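Enquirer: my questions are about this predicted structure, shown below with the sequence.
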Amino acid sequence: MNQIKNINLTKKIKLNSTNFNTPNLKLPPITNKINTPNIEELTFDDTLEDKKFPKITSDNYIVQGITTTDNEILISAYTNELNDLGQKQNSKIYIYNKETNDFKGEILLNNNAHVGGLAIDKENNILYVTGNNGKINTYSYNNIIRNLKYVDKIDLNYEYLSDCIIPNNISVADLTQVGTASTICLKDKYLYVATFSGTKNGELVKLKLNYSNNEITTKSVSSPIDIPK
């Protein structure tokens with residue numbers, strides 16, 4: 001996902017009853033047959049109106065994705081800053097109290113992806129976050145919140161926090177020409193993944209989610225839809 005600068009999170013935004021957050025986008029007419037939600041009706045939560053999140057910019061991180069639970073606001077961000085080994089620092093998810101806007105904690109992820117999209121499966125308490133090379137990473141939100149009761153920052157690169165990471169093979173790398181995962185939306189046990197490219201059209205893929213034996217699997221249920229750049 002392209003670097004986003006000077007993001008104004010004070011713009012009035014609203015959310016439909018699903019609480020699965022997708023920007024209020026107006027897409028061009030779609031000719032391929034795909035049963036997608038009405039994206040024009042998917043908007044952000046109005047409780048985000050006039051909220052500001054200064055800690056993210058003070059950390060030199062760049063805002064990418066946003067979603068909400070019943071009680072929290074989650075914002076994903078990446079940075080171009082390097083660590084002591086000269087490697088790009090890993091991305092983060094910042095968590096704020098939805099009512100008071102108080103900072104609750106941050107998650108240092110186990111990758112340095114642009115994390116352009118994130119979504120919560122509230123029924124199963126699973127956090128979906130776009131990763132590198134077309135992958136969608138999954139995390140146990142229950143376990144994350146449990147660990148944040150004692151500290152205000154957790155680093156998922158530590159072994160003792162491995163129960164926060166849910167292994168999966170979800171990827172759109174082989175399903176699209178672009179092969180990246182830029183943003184996502186979750187609705188009715190379907191995962192909608194959009195790709196981004198600076199030189200060609202993006203694509204939208206619909207994946208059916210299946211939870212079985214503590215594993216998450218997906219099945220593509222449509223051909224990718226072109227999204228003109």
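Expert: Alright, I've got the coordinates. Numbering: from 1, shown residues only.

Enquirer: all strands of this protein, in order?
Expert: 62-68, 72-78, 92-97, 103-108, 118-121, 126-130, 136-140, 153-155, 165-166, 183-187, 190-194, 202-212, 215-220, 225-227 (DSSP state E).

Enquirer: what sits against the residue nearest the centre of the chain?
Expert: In the chain, the C-alpha nearest the mean C-alpha coordinate belongs to L118, at 1.3 Å (CA atoms, centre = their mean). For L118, the residues meeting the contact criterion (CB atoms under 8 Å, 6 or more residues apart in numbering) are G65, I66, T67, L74, S76, I93, L127, Y128, V129, T130, I184. (Each C-beta comes from the backbone N, C-alpha and C, glycine too.)

Enquirer: surely N80 and S91 touch.
Expert: No - proximity of N80 to S91 does not meet the contact threshold set by CB atoms under 8 Å, at 11.0 Å.

Enquirer: the two: which is more packed in?
Expert: Neighbour totals were compared for N80 and S91, and S91 leads with 25 against 11 (other CB atoms under 10 Å).

Enquirer: how close does the more buried one sit to N112?
Expert: Distance, S91 to N112, by CB to CB, to the nearest Å: 6 Å.

Enquirer: where do the contact lists of these two overlap?
Expert: Y78.

Enquirer: just for the protein, where's the confidence low?
Expert: Where the chain drops to pLDDT under 70, the residues are 1-51, 229.

Enquirer: from I136, how far off is N143?
Expert: Per CB to CB, N143 is found 18 Å from I136.

Enquirer: scratch that, G65
Expert: 12 Å.

Enquirer: wait, what's in contact with the closest residue to F196 other than its chain neighbours?
Expert: Nearest residue to F196 in three dimensions, chain neighbours excluded: S182, at 3.7 Å (CB to CB, 6 or more residues apart in numbering). Counting by CB under 8 Å, 6+ apart, S182 makes contact with M1, H114, G116, G117, T130, A194, T195, F196, G202.

Enquirer: many thanks, have a good one.
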